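Peer 1: here is a sequence together with a model predicted from it:
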Amino acid sequence: MSRFFVLIAVIAACVAAAPNKEDMKARFHAEMKEAGLSEPTIAEICKISEKHQDAFKAAKGNKEEAKAAFHALKTDIDTYIVTASAADQAAWKIFEDKKKAEFKSHFEKAKQ
């Protein structure tokens, strides 16, 4: 499972440093909306994510730092989500489960 977290951290670091960051942000925004998250909750998650951008950029090429940056981001989002409405908490779970499945599938394909 630790490989899974490293993969997510590496992807998050790439997203943070990507030149088409606005496209990625728009995609994640649309996917969160599709999962049922409210606009205020999406906005707060985006703010939380932006606070962690520098940590992901600094972690580029360092798996341990990337993992730490991911865990810090996840902790902050998890802390926020428990204060959101029950509907947003359920929608976040849907979004998170979908992302986990996508990353797991990507990881499995990469192993082949």
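Peer 2: Nice, I can see it. Remember, predicted model here, so these are calculated numbers, not experimental data.
Peer 1: secondary structure element for M32?
Peer 2: Assigned by DSSP states H and E, M32 belongs to helix 21-35.
Peer 1: quick one: name whatever helix or strand follows that helix.
Peer 2: helix 39-51.
Peer 1: that next one to helix 21-35, inter-axis angle?
Peer 2: Orientation of helix 39-51 against helix 21-35 (axes from the mean of the first three to the mean of the last three C-alpha atoms, to 10 degrees) gives an angle of 140 degrees.
Peer 1: how about the helix or strand following helix 39-51 as CSV, C-alpha atoms only?
Peer 2: Downstream of helix 39-51, the next assigned helix or strand under DSSP H and E is helix 53-58. C-alpha atoms of helix 53-58 as CSV (Å, rounded to 0.1, in the frame of the first residue of the first chain):
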residue,chain,number,x,y,z
GLN,A,53,1.8,23.4,-3.8
ASP,A,54,5.2,24.5,-2.6
ALA,A,55,5.7,21.4,-0.6
PHE,A,56,5.0,19.2,-3.7
LYS,A,57,7.3,21.4,-5.9
ALA,A,58,10.1,21.1,-3.3
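Peer 1: counting by contacts, list what the helix holding M32 packs against.
Peer 2: helix 39-51, helix 86-111 (3 or more C-beta pairs under 8 Å, 6 or more residues apart in numbering; DSSP states H and E). Using the backbone N, CA and C atoms, a C-beta is placed for each residue, glycine as well.
Peer 1: let's go with 10 Å and repeat that
Peer 2: helix 2-17, helix 39-51, helix 86-111 (3 or more C-beta pairs under 10 Å, 6 or more residues apart in numbering; DSSP states H and E).
Peer 1: to H71, which of the ones you listed lies closest?
Peer 2: Nearest of the helices and strands packed on helix 21-35 to H71, taken as C-beta to C-beta: helix 2-17 at 7.5 Å.
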